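Q: Generate a structure from the sequence data that follows.
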Amino acid sequence: MAGARKNAPPREEVLAAAMRMIAERGLEQLTMAALGREVGMSSGHLLYYFHSKDELLLQTLEWSEGRLGAERGRLLTRTAGTARERLDAYIDLYVPDGHRDPHWTLWLEVWNRSQNADDEARDRQAAIEGVWHRDLVALLAEGVSRGEFRPVDPDRFATRLRALLDGFSIHVAIGLRGTDRAQVLGHVRELVEEGLLADA
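A: Numbering: from 1, shown residues only. Below is the predicted model:
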């Protein structure tokens, strides 16, 4: 056991493999045994490190969100471009690429499992949501201060915009007929124009 632990792949490699399996085979194929085969560990060994599949999924989501967060940070801190252009980039990053988008598939599963999660797990989920919200609020506040956007309450507008994005994103991720990524982006950008740019 000690020798196996010594040769275990780094945590990030396990999380990357889990995300890759979700992308290639779907979440239903991500079992501890299958992931163990993928990374050369036993399912018992994985349970030693992650304690449960719920924890594995949450850590995989945190890892994936860390990568998205870095990309979001680069988009939002660009000195070139207007607040509107950066808002479009934020929206583009938020909305799933399409049906069975692995990041959104994972999010939906973690959300579903959160009904029975403990307070610590729910706090970690809230932290992931919180950074998306804070970044959007800051971007909206910047646009308002520069006169690019109408003088809206950035926090209230961000709350409503993210609710719309979440609802549409779920439709895209589950492959709801009649709702594709291009349509969603069109709806959201229309709302942005009506709510933020009118009379600016």
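
Q: Regarding stretch 170-180, how distant is the last residue from the first?
A: Using CA to CA, to the nearest Å, the gap from the first to the last residue of stretch 170-180 comes to 11 Å.

Q: and the spatially closest residue to L165 that is not a sequence neighbour, how many neighbours does it have?
A: Computed as CB to CB, 6 or more residues apart in numbering, the closest residue to L165 that is not its neighbour in sequence is Y94, at 5.1 Å. The C-beta positions use only the backbone N, C-alpha and C, and glycine is treated the same way. Y94 has 21 neighbours, counted by other CB atoms under 10 Å.

Q: three-state assignment of R20?
A: Using DSSP: H, G, I helix; E, B strand; the rest coil, the secondary structure recorded for R20 is helix.

Q: show me the residues around it that make contact.
A: R20 makes contacts with E38, as judged by CB atoms under 8 Å, 6 or more residues apart in numbering.

Q: Buried residues in the helix or strand hosting H133, which are they?
A: In this structure, H133 is located in helix 119-145 according to DSSP states H and E. Neighbour-count burial for helix 119-145, counted by 16 or more other CB atoms under 10 Å, picks out 121, 124-125, 128, 132, 135-137, 139-144.

Q: Following element in sequence after it, please.
A: For helix 119-145, the following helix or strand on the C-terminal side (DSSP H and E) is helix 154-174.

Q: contacts for the helix or strand just after that next one?
A: Using DSSP H and E, the helix or strand that follows helix 154-174 towards the C-terminus is helix 181-192. Taking CB under 8 Å, 6+ apart as the criterion, the residues outside helix 181-192 that touch it are 84, 87-88, 91-92, 95-98, 161, 164-165, 168-169, 171-172.

Q: how far out from the middle of the chain is helix 181-192?
A: Taking the mean of its C-alpha atoms, helix 181-192 sits 18 Å from the chain's own mean (CA atoms, centre = their mean, to the nearest Å).

Q: In that helix, which residues are buried?
A: Applying a neighbour-count criterion of 16+ other CB under 10 Å, the buried positions in helix 181-192 are R181, V184, L185, V188, V192.

Q: Repeat that for stretch 17-32.
A: By neighbour count, with 16+ other CB under 10 Å as the criterion, the buried positions of stretch 17-32 are A17, A18, M19, M21, I22, L27, L30, M32.

Q: repeat for stretch 70-89
A: For stretch 70-89, the buried set under the neighbour-count rule, 16+ other CB under 10 Å, comprises R72, L75, L76, A83, R84, R86, L87, D88, A89.

Q: Pick out the most distant pair among those.
A: Looking at the buried residues of stretch 70-89 by CB to CB, the two members farthest from one another are R72 and R84, with 16.4 Å of separation.

Q: tell me the SS of the residue nearest in space to the middle of the chain?
A: When CA atoms, centre = their mean is applied to the chain, the residue found nearest the centroid is E65 (5.5 Å). With three-state DSSP as the basis, the three-state label of E65 is helix.

Q: In this structure it contacts A127, no?
A: No: here E65 lies out of contact with A127, judged by CB atoms under 8 Å, at a distance of 9.2 Å.

Q: picking up where we left off before, and the residue lying closest to the residue nearest to the centre of the chain once chain neighbours are set aside, what does it touch?
A: When the adjacent residues along the chain are set aside, E65 lies closest to I128, with 5.0 Å between them (CB to CB, 6+ apart). Going by CB under 8 Å, 6+ apart, I128 touches L61, E62, E65.
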